[in-house]
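Engineer: Need a 3D model of the following:
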Amino acid sequence: MDTQSLQAFLAVADTQSFSRAAEQLYLTQPAVSKRIATLESQVGTRLFDRIGRRIALTEAGSVLLPQARRILFSVEDSRRALANLSGQVGGKLTLATSHHIGLHRLPPLLKQYTQRHSEVELDLHFLDSEQAYQGVLDGTLEMAVVTLAPHPHEQLQVVELWRDRLCFACAIDHPLNQQPPQSELSLTDLCEYNCVMPGAKTFTGSLIAKRFSQAGLELPVSMATNYLETLKMMCSVGLGWSLLPEKMIDSELVELKVDTPPIYRPLGYLVHTNRTLSNAARMMIEELENTRGESPIK
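Structural biologist: Model (predicted):
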């Protein structure tokens, strides 16, 4: 089995489309079909069922899928290890970050990095933190800078760099802002009004939900989105109260005093423990470590 056929197999399996796989690999669709046919001939069985426009893995394809990922992972790892021997910092660095971190934490760092290491081709992906975790695990991403998961993963090296304090916030004219200046709201008080929150399955959303569930309360979520900038907008126009990073509280919002300990979310980077990092990734980690504890930009 050659690596080109395996790459085509993974691309079709991931996209469930020969045409999208061809776009991803910068090939023609017939070229992708030929590589899949070659691989099926080598293993002696069909790997995909083609029903109309739908593409699905056969049982044999499902068995081959994790093995193919491991083979390509090992090949790429070997290439990186050999390339590192030269000491040069170049090649492609596939890096994922969340939209919020990409907007508020990384711009100065990325500018400095690209100026210092102009030979690096930075392949930057904006993904939800949960998707980025999976990308590092399956080897499609070399590293990620995201909100960190509440529980460690044995295959990942996770390093916390910053902490966001999440603030209870609402629009200036929201009923929750009509309390006497020195009074504190309770979590129960908040639950009398609709809120707008990150998705329940996100790391940030689960962190917030846990605080309320510990108090025996259920969040009255009227709308949810994984984009904090969108949450801020919805909160500022009165669609509900929310929890937002401290640096996002501006003149359009008011921070509410709530009788509960502060809620913090950890932010940092992660890499696969079994992966040989490229020199480009090592330099990126060095730049990230230099920003430890720095405040975000507004």
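Engineer: Stretch 209-219: which residues count as buried?
Structural biologist: Buried residues in stretch 209-219, defined by neighbour count with 16 or more other Cβ atoms under 10 Å: 209, 211, 212, 219. C-beta here means a position set from N, CA and C on the backbone, and glycine is covered the same way.
Engineer: just stretch 162-179 next, same as before
Structural biologist: By neighbour count on 16+ other Cβ under 10 Å, the buried set for stretch 162-179 is 162, 164, 166, 167, 168, 169, 170, 171, 174, 176, 177.
Engineer: Residue 246 and residue 223: what is the separation?
Structural biologist: 22 Å (Cβ to Cβ, to the nearest Å).
Engineer: so where do the strands sit in the stretch 151-298 of the chain?
Structural biologist: With strands called from DSSP state E, counting those that start in this stretch, the stretch 151-298 of the chain shows them at 156-171, 195-197, 221-224, 242-245, 253-255, 263-272.
Engineer: what's the spacing between the second one and its chain's center?
Structural biologist: Going back to what we said before, that points to strand 195-197. Offset of strand 195-197 from its chain centre (Cα atoms, centre = their mean, to the nearest Å): 21 Å.
Engineer: Can you pull out the residues in contact with that strand?
Structural biologist: Strand 195-197 has contacts (Cβ atoms under 8 Å, 6 or more residues apart in numbering) with 205, 208, 219-225, 231, 234-235, 239-243.
Engineer: could you flag which of these are buried?
Structural biologist: Here, 16+ other Cβ under 10 Å leaves 205, 208, 219, 221, 224, 231, 234-235, 239-243 buried among these.
Engineer: now, which of these sits nearest residue 99?
Structural biologist: Ranked by distance to residue 99 (Cβ to Cβ), those are led by residue 231 at 11.4 Å.
Engineer: okay but the closest one is in contact with residue 241, surely?
Structural biologist: No - using Cβ atoms under 8 Å as the test, residue 231 is too far from residue 241 to be in contact (10.5 Å).
Engineer: Let me see the mean pLDDT of the helix or strand containing residue 77.
Structural biologist: Element membership for residue 77, per DSSP states H and E: helix 59-84. Across helix 59-84, the average pLDDT comes to 81.
Engineer: and residue 40, what pLDDT?
Structural biologist: 90.
Engineer: What ranges in the stretch 151-298 of the chain fall below the confidence cut-off?
Structural biologist: Applying pLDDT under 70 to the stretch 151-298 of the chain picks out residues 181-182, 298.
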